[in-house]
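Enquirer: Structure here, sequence nowhere to be found:
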């Protein structure tokens, strides 16, 4: 597996992008789309997950990565809470609620795993560059630990 060179390479970011797509799809439903405040709030929370993962990665320091990933994790909780409001208002059904909550919990769990990996890693961040070979090994292990065991890139 290659080392993540950008936030787009991170599996956790890719899954957060799926969460954003799901929320935007729900918000397009005619009955839901008219609840402008709730639509705006849940969209912002979902986008916050994806954006904070990207920002943390791009900041380049270990503490900053952890800080922004915690914000992303909190935004996952916000999305989940708002999904219950969306459900309670009758904008989505049981199946959609379950799908949204499960995806948000999964992204949250990925973020937690990534944070824990960063915390125990000797990796200080990209702005504290090490020789390329050493840095790649550490990042590869960190990313590998954040992937689900059945992820296609682990089958090498």
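Expert: Arrived safely. None of the values given here were measured: they were computed from a predicted structure.

Enquirer: Assess the claim that residue 119 and residue 67 are in contact.
Expert: No - in this structure, residue 119 is not within contact of residue 67 by CB atoms under 8 Å, at 11.7 Å. C-beta here means a position set from N, CA and C on the backbone, and glycine is covered the same way.

Enquirer: So the two - more neighbours on which side?
Expert: Higher neighbour count among residue 119 and residue 67: residue 67, with 16 against 11, using other CB atoms under 10 Å.

Enquirer: Hmm, residue 55 and the more buried one touching each other?
Expert: No - checked against CB under 8 Å, the pair residue 67 and residue 55 is beyond contact range at 9.6 Å.

Enquirer: Same question for the helix or strand where residue 114 lies: list its buried residues.
Expert: Using DSSP states H and E, residue 114 sits within helix 94-120. With burial defined by 16 or more other CB atoms under 10 Å, the residues of helix 94-120 counted as buried are 96-97, 100-101, 103-104, 106-108, 110-115, 117-118.

Enquirer: Also stretch 52-71?
Expert: 52-57, 59, 62, 64-69, 71.

Enquirer: With stretch 23-31 instead?
Expert: By neighbour count on 16+ other CB under 10 Å, the buried set for stretch 23-31 is 23, 26, 27.

Enquirer: From residue 111, how far out is residue 11?
Expert: Separation of residue 11 from residue 111 (CB to CB, to the nearest Å) stands at 11 Å.

Enquirer: Stretch 12-21 - what's its average pLDDT?
Expert: On average, the pLDDT along stretch 12-21 is 98.
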